[in-house]
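>>> Compute the structure for the input listed below.
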Amino acid sequence: MNEATRWSPTHVDAIATRPYPTAPVIAAADIVPVADGIGVWDAWPVQTIDGAIHRAVDGTELWLALATPRFDNPDDRHDHARIHLFRRSADAWQHVGPAMPDGFSPGSREWSGSAVIDAAERDVTLYFTAAGRRGETVVSFEQRLFAAEASVTGDAGAPVLTDWRNLREVVQRDPDFYLPTDTATGRIGKIKGFRDPAFFRDPADGSRYLLFTASDAAARSDHNGVIGIAREVDGAWRTLPPIITADGLNNELERPHVIHHGGLYYLFWVTQRHVFDPAGPSGPTGLYGMVADSMAGDWQPINGSGLVFANPDTAPAQAYSWFVFPDLSVTSFVDDWGDGAARRFGGTFAPFLHLHLDGHRASLRGCATAKGIGE
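Numbering: from 1, shown residues only. The predicted model follows:
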């Protein structure tokens, strides 16, 4: 891997001067709860080794998402998050329940990750974030990257994950590259990261990677988000230096993931307006990314700024946690929908979007392009 590519204030400054895509406004009719009494956010499907959404013979998909009972203050959900299992078929969602059994996860909470099924379609490897420590009496924000296996069982149309096993910490934090998280506080927008593992297999040579959200150990700023990476070598994960740095610009480059499309590598992440350094330029809450000819780089910002698309100006926090698949479909969840006058946490899956990629340019199919915010 080459030296980390910098996502710079100059890139973000360009957002104000160029047109950029915005997602359609989410209306009340779009908000369909997947189960009574629970709120759902960061989600990912069981994927094939090449990143496609895995579908059973009858078309059923298995999805995982963070979920909790609904709280009066939606921010409280992060202190109770567990990974839940869902089934999707014919655009209908079915809630199964917590994915892993009680007491299996090593954390006090479970945060985002990814899941890959083997070629025989019998076993799934789940990569996930263990937040805190099981049994802790005070909620902490330590984050560790774990994996576990489960078997796919159940009748046609009703698969489940059973026989959870082989729990292990897969990526060790290298202090030369990544800040610790065990001293972090839960202050919104200030938390440091070592989370969100996303699997990617490079079609060029078969190399396997985990991308993750982290914080820069060599930072000169408190806004020091990076995208970290590990590579599988002889069956073990080797922690590598960051590949993208936003030191001095942004604190959280969340849920990074890579797809291979049209011979190019597209690296996506999500971030929110409030985690940009207030002393510099900021972008809207949206999906961001860079593109390169190989996993080694040279990474260049998509659309010249890094912004792939944003929430609409009239609903700037309506959705979040976008995740792109090789067919260019994009999932997310309904967050604070509406005009922001009163907080309304959707807590369910948002309507799917679809990207159009053309080299270093990206747009949303069937969606308008907004003018730059400075125009």
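
>>> Leaving out chain neighbours, which residue sits closest to the one residue sitting closest to the centre of the chain?
With distances taken as Cα atoms, centre = their mean, Arg255 lies nearest the centre of the chain, 2.5 Å away. The shortest distance from Arg255 to any non-neighbouring residue, by Cβ to Cβ, 6 or more residues apart in numbering, is to Asp196 (4.8 Å). (Each C-beta comes from the backbone N, C-alpha and C, glycine too.)

>>> quick one, helices of the stretch 1-150 of the chain?
Assigned helices in the stretch 1-150 of the chain, in chain order: 9-13 (criterion: DSSP state H, counting those that start in this stretch).

>>> so who does Asp42 touch?
65-66, 111-112, 255, 321, 333 (Cβ atoms under 8 Å, 6 or more residues apart in numbering).

>>> what kind of secondary structure is the residue nearest to Arg255 in?
Under DSSP: H, G, I helix; E, B strand; the rest coil, the three-state class of Asp196 is strand.

>>> my guess is the residue nearest to the centre of the chain contacts Pro197, does it?
No: contact criterion Cβ atoms under 8 Å: Arg255 and Pro197 do not qualify, at 9.8 Å.

>>> ok, Tyr222 - contacts?
Heads up, residue 222 is Asp, not Tyr. By Cβ under 8 Å, 6+ apart, the neighbours of Asp222 are 190, 251, 277.

>>> per-residue pLDDT, it?
At Asp222, the model reports a pLDDT of 94.

>>> Near the closest residue to Phe276 other than its chain neighbours, how many other residues are there?
Computed as Cβ to Cβ, 6+ apart, the closest residue to Phe276 that is not its neighbour in sequence is Ser282, at 3.5 Å. Neighbourhood size, Ser282 [other Cβ atoms under 10 Å]: 21.

>>> Doesn't Met295 lie inside a strand?
No: counting by three-state DSSP, Met295 falls outside a strand, being coil.

>>> What's the separation between the closest residue to it other than its chain neighbours and Leu355?
Closest residue to Met295 apart from its sequence neighbours, by Cβ to Cβ, 6+ apart: Asp202 at 5.5 Å. Asp202 sits 21 Å away from Leu355, going by Cβ to Cβ, to the nearest Å.

>>> neighbours around Ser221, how many?
16.

>>> residues touching it, list them.
With Cβ under 8 Å, 6+ apart, Ser221 has these contacts: 247-249, 277.

>>> Need those residues in JSON lines (columns: pLDDT, neighbour count and secondary structure).
JSON lines is the format used below for these (pLDDT from 0 to 100; neighbours: other Cβ atoms under 10 Å; DSSP: H, G, I helix; E, B strand; the rest coil):
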{"residue": "Asp247", "pLDDT": "97", "neighbour count": "23", "secondary structure": "coil"}
{"residue": "Gly248", "pLDDT": "96", "neighbour count": "19", "secondary structure": "coil"}
{"residue": "Leu249", "pLDDT": "97", "neighbour count": "28", "secondary structure": "coil"}
{"residue": "Asp277", "pLDDT": "96", "neighbour count": "19", "secondary structure": "coil"}
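
>>> wait, which of those is closest to His84?
Nearest to His84 among these is Leu249, at 33.6 Å by Cβ to Cβ.

>>> okay but the closest one is in contact with His223, surely?
Yes: because the distance of 6.1 Å satisfies Cβ under 8 Å, Leu249 is recorded as touching His223.

>>> between those two, what contacts are shared?
Shared contacts of Leu249 and His223 (Cβ under 8 Å, 6+ apart): 276-277.

>>> what ranges of the chain fall below the confidence cut-off?
Scanning the chain for pLDDT under 70 picks out 184-186, 188, 340, 366-375.

>>> switch to 80 and redo it
Counting by pLDDT under 80, the ranges of the chain that qualify are 1-2, 91, 155-157, 183-189, 339-342, 366-375.

>>> Compare Asp202 and Leu355 (neighbour count), which wins?
Leu355 (24 against 16).

>>> Can you tell me who that one pairs with across the strands?
With DSSP bridges as the criterion, Leu355 is bridged to Leu364.

>>> need the contact list for it.
Going by Cβ under 8 Å, 6+ apart, Leu355 touches 308-309, 324, 328, 330, 362-365.

>>> which one of the residues you listed sits closest to Gly235?
Closest to Gly235, out of all of the contacts of Leu355 and judged by Cβ to Cβ, is Val324, at 28.4 Å.

>>> Which stretches in the stretch 1-150 of the chain count as strands?
Using DSSP state E, counting those that start in this stretch, the strands of the stretch 1-150 of the chain run over residues 5-6, 20-21, 38-47, 61-69, 82-89, 92-98, 109-117, 123-131, 143-153.
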